[in-house]
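>>> Provided below are the primary sequence and the corresponding predicted coordinates.
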Amino acid sequence: MVELKTDTSIDAMYETGQVVARALTAVRDAADVGVSLLELDELAHGVLRGAGATSPFLGYRPSFAPTPFPAVLCVSVNDAIVHGIPTRYRLRDGDLVSIDFGAQLGGWAGDSALSFTVGTPRPADLTLIATADRALAAGIEAAVVGNRIGDIAHAIGTVCRAAGYGIPDGFGGHGIGRRMHEDPGVPNEGRPGRGMRLRHGMVLAIEPMVIAGGDDGYHAAADGWTLCTNDGSRAAHAEHTVAITDAGPRILTARVPASSARP
């Protein structure tokens, strides 16, 4: 069942989204050679505490997971696609890092992700990250009243496949609101004009993931959570929480200076 949010509720979700945005910005700024993944998780946890928010990630245990997720931040490095558990691993020069973070505030959830490189970047990694960002932008552009879920999926998939990248099979975005994961699912590839019609008040987490080697396959690491590419190539992930409105898509997790934020 899809809950249509009121404009007041969307405003409240924007406040949650800005907690997410601040945490992702802080983590990205702090990530450097020698910094551990656990240190980044603690930094994100501090942002939550400062905002009076809680984590929808910490303790989350979907059906596929062997244990509850033990952190507030997903940190996926190099060939890890998503769901990376923060460890004592210290970032190295040239690492490609994808971070995914969520917050719960005032009864509403927010979810966003970004990818970046540490130290000296590989040109191929920069292209991979830019493609994930372009795919996200294309998906958001298609997220307008009257379109369908398939139009978002098609927009994302077209960008990713044109670049020759793989798309992890079975993973994509989702509805979001009072809970982090709600209906409908938002695939990262699909046929235009298919699926649920988009209406004012729907809120979606749109999140393309791309695999550099072009293969769609992945496997779970020994921790049972981290999903890694089968071909060993690197991956990137981008995500925003987006409200569908009659005025166009509204990005609730936009990482903008506070003075520029929409009230």
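Looks like it arrived, so ask away.
>>> Only the C-alpha atoms, please, for the longest helix seen in the chain, written as CSV.
In terms of residue count, the longest helix belonging to the chain (DSSP state H) is helix 7-30. Output of helix 7-30 as CSV, limited to C-alpha atoms (Å, rounded to 0.1, in the frame of the first residue of the first chain):
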residue,chain,number,x,y,z
ASP,A,7,2.5,18.8,2.0
THR,A,8,3.0,19.3,5.7
SER,A,9,4.3,15.7,6.0
ILE,A,10,6.7,16.4,3.0
ASP,A,11,8.0,19.5,4.8
ALA,A,12,8.6,17.3,7.9
MET,A,13,10.4,14.7,5.8
TYR,A,14,12.6,17.5,4.4
GLU,A,15,13.8,18.2,8.0
THR,A,16,14.7,14.5,8.4
GLY,A,17,16.4,14.6,5.0
GLN,A,18,18.6,17.5,6.0
VAL,A,19,19.9,15.5,9.0
VAL,A,20,20.9,12.8,6.4
ALA,A,21,22.4,15.4,4.2
ARG,A,22,24.5,16.9,7.0
ALA,A,23,25.8,13.5,8.1
LEU,A,24,26.8,12.5,4.5
THR,A,25,28.6,15.8,4.0
ALA,A,26,30.4,15.5,7.3
VAL,A,27,31.5,11.9,6.5
ARG,A,28,32.6,12.8,3.0
ASP,A,29,34.7,15.7,4.3
ALA,A,30,36.3,13.6,7.0
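>>> Quick one: distance of that helix to the chain centre.
Chain-centre distance of helix 7-30: 12 Å, with CA atoms, centre = their mean, to the nearest Å.
>>> again, but for stretch 105-114
Worked out by CA atoms, centre = their mean, stretch 105-114 lies 10 Å from the chain centre.
>>> Equivalent analysis for stretch 108-124, please.
Chain-centre distance of stretch 108-124: 10 Å, with CA atoms, centre = their mean.
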